[in-house]
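Chemist: sequence and computational prediction follow.
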Amino acid sequence: MKSPAILIIDDESAIRSGVRLSLVDEGWSVDTSATGTDGLNQALTGAYDVILLDIKLPDISGMEILKTLRLQQPDVYVIMMTGFATVPNAVKALKIGAYNYIAKPFSSDEIILAVKKALENKHLKEDNLSLRKQLYQRYDFNQIVGEHPLIKNVFEAIKRVAPTDSTVLLDGESGTGKELFAGSIHAHSLRASRQFIVADCSTFSASLLESELFGHVKGAFTGAVQNKAGIFEAADGGTLFLDEVANLNMEIQGKLLRVMETLEYKPVGASHTRKSDVRIIAATNQNLKTLVKEGTFRQDLFYRMNVFPIFLPPLRERKEDIPRLVYHFLRFFCRKTGKTIDGFSDEALDKMLDYSWPGNVRQLKNVVERLVIMTDQTVVDSGSLLNHFENHRNQGKDSVPSTLEELKSVKRHLLEKQFARIEKSFLQKALDAENGNITRASERVGMQRSNFSALMKKHNISNLSREK
């Protein structure tokens with residue numbers, strides 16, 4: 001690790017040498033300059049972390065040097081050194097952009113402490129910038145693949161709501177990327193430099209969830225041997241993503257509503273409330289309006305969360321994006337595994353386009369990952385896909401769906417899969433009978449030509465390929 005670099009600019013030889021010795025003993029790299037002109041040149045051409053700058057110099061005012069550094073070297077931390085008589089000027093320097101000032105005479109311990117604080121602050125700022133850059137890279141719109149109008153509408157909504165502090169409700173099936181979109185909102189918000197914390201409301205029991213969200217005090221319950229900060233405290237100043245909020249019980253819903261309305265919460269067992277400035281992004285894969293009617297979700301909480309709703313479309317409603325997603329994940333997992341796979345055969349892509357993807361983008365990603373691991377060919381064909389594409393259920397008890405959502409998904413998949421094949425064969429039969437003439441083929445089956453052509457486009461059937 002590179003040693004911190006420090007520059008001392010002071011016209012008093014005793015101060016330069018004394019300060020230099022103290023700082024070198026800390027393992028830091030230290031340069032000195034006796035004039036403002038030379039010191040400014042060194043500061044502008046060198047890569048210094050901290051500059052110790054005397055206010056009164058024989059040739060250039062330390063204040064003028066500070067102004068130049070703020071314009072040309074804004075990342076360097078400047079500590080002004082001043083006599084007691086010029087302390088007001090040092091305070092003025094803070095307004096211009098100095099990090100701190102230290103009054104002469106000072107001890108070795110005082111100057112070392114001042115430099116340490118400056119270095120710690122600088123490193124903290126650099127770490128925050130690095131984390132923010134990583135956040136942008138992870139949740140950048142470029143990481144969300146899609147050109148379909150439905151997904152573009154989502155991008156536009158996020159761009160509009162992200163800079164605000166409004167509560168957002170993401171509504172979409174499992175696997176549609178709710179956490180990814182929530183992260184994008186945070187990354188493009190004014191809170192991007194602060195925490196983005198994810199809380200999955202379906203992973204904790206009701207009693208444990210309250211403690212996780214709001215924390216608890218020592219002795220609040222059996223096993224509470226010390227105070228514990230909750231998620232709302234940890235997320236203070238940042239963004240809290242509450243996933244699967246439909247799983248919250250009525251008691252927690254009431255306490256969550258209070259936090260959202262007053263920014264106050266009470267840890268379990270505590271007698272006083274605490275404040276938390278948190279932006280809420282909630283997500284659900286269930287219809288909250290239906291749950292409100294059924295009495296399992298509070299209407300007032302629903303309205304409080306539904307300030308800016310964003311619907312995330314399921315993959316089956318934007319199938320045009322499937323090829324883009326497939327190749328995006330293929331490149332990602334090829335880089336990750338070091339394998340070389342050029343792509344997918346037309347038949348394999350057709351199968352992926354025909355499938356309903358009940359698990360949405362998450363399921364598609366998992367399928368591509370398995371294919372990359374298991375495939376030894378340069379092109380993934382439909383035969384390779386067959387072994388990894390669907391989760392073949394054993395006939396019997398395990399093949400029965402467990403929930404209404406699963407039942408609907410299976411029904412939808414079976415209908416789409418079977419009907420799509422019949423529909424495509426229907427078109428091809430009509431075209432074959434009329435030697436590829438679309439007008440006569442549409443008349444033959446009793447359809448308008450425009451509707452017949454639209455179905456051909458849907459199934460990637462070209463009339464040129466049917467001509468004989």
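Modeler: Now that the structure is in, tell me what you want to look at. Just so you know, these numbers come straight off a predicted model, no measurement behind them. Numbers count the residues shown, from 1 in each chain.

Chemist: residue 280 falls within a helix, correct?
Modeler: No - counting by DSSP: H, G, I helix; E, B strand; the rest coil, residue 280 is located in no helix; its state is strand.

Chemist: residues contacting the closest residue to it other than its chain neighbours?
Modeler: The spatially closest residue to residue 280, leaving aside those adjacent along the chain, is residue 167, at 4.9 Å (Cβ to Cβ, 6 or more residues apart in numbering). Every C-beta, even on glycine, is put in place using the N, C-alpha and C of the backbone. By Cβ atoms under 8 Å, 6 or more residues apart in numbering, the contact set of residue 167 is 260, 279-282, 304-305, 307-308.

Chemist: please list the residues outside the helix or strand containing residue 79 that contact it.
Modeler: Using DSSP states H and E, the element containing residue 79 is strand 77-83. Residues outside strand 77-83 that contact it (Cβ under 8 Å, 6+ apart): 10, 15, 49-56, 62, 66, 69, 89-90, 93, 97-104, 106, 114-115, 118-119, 121-122.

Chemist: ok, stretch 116-123 next?
Modeler: Taking Cβ under 8 Å, 6+ apart as the criterion, the residues outside stretch 116-123 that touch it are 4, 26, 49-50, 75, 77, 79, 99-100.

Chemist: and that stretch, what's buried?
Modeler: 118-119, 122 (16 or more other Cβ atoms under 10 Å).

Chemist: closest one of those to residue 325?
Modeler: The shortest gap between residue 325 and any of these belongs to residue 122, at 41.6 Å (Cβ to Cβ).

Chemist: from residue 112, how far off is that closest one?
Modeler: Taking Cβ to Cβ, to the nearest Å as the criterion, residue 122 is separated from residue 112 by 16 Å.

Chemist: do residue 284 as well
Modeler: With Cβ to Cβ as the criterion, residue 284 and residue 112 are 54 Å apart.

Chemist: between the two, which is the more surrounded one?
Modeler: The neighbour comparison of residue 284 against residue 112 (other Cβ atoms under 10 Å) goes to residue 284, with 22 against 17.

Chemist: and the pLDDT at the more buried one?
Modeler: Per-residue confidence at residue 284 stands at 94 (pLDDT).

Chemist: my guess is it meets residue 174, correct?
Modeler: No - using Cβ atoms under 8 Å, residue 284 is not in contact with residue 174, being 10.4 Å away.

Chemist: what residue is smack in the middle of this structure?
Modeler: residue 183 (2.7 Å; Cα atoms, centre = their mean).

Chemist: for that residue, pull up the helix or strand it's in.
Modeler: With DSSP H and E as the criterion, residue 183 is inside helix 178-187.

Chemist: buried stuff in that helix?
Modeler: Counting neighbours by 16+ other Cβ under 10 Å, helix 178-187 gives 178-179, 181-187 as buried.

Chemist: taking those, tell me the two that lie furthest apart.
Modeler: Greatest spatial distance among the buried residues of helix 178-187 (Cβ to Cβ): 178 and 187, at 14.9 Å.

Chemist: one step back: can you name the next helix or strand after the strand holding residue 79?
Modeler: Using DSSP H and E, the helix or strand that follows strand 77-83 in sequence is helix 87-96.

Chemist: residues of that next one that come out buried?
Modeler: Of the residues in helix 87-96, those buried under the neighbour-count criterion (16+ other Cβ under 10 Å) are 89-90, 92-93.

Chemist: the next helix or strand after the helix holding residue 183 packs against which elements?
Modeler: Downstream of helix 178-187, the first helix or strand assigned by DSSP H and E is strand 196-200. Applying 3 or more Cβ pairs under 8 Å, 6 or more residues apart in numbering; DSSP states H and E, one finds that strand 196-200 contacts helix 178-187, helix 231-234, strand 239-243.
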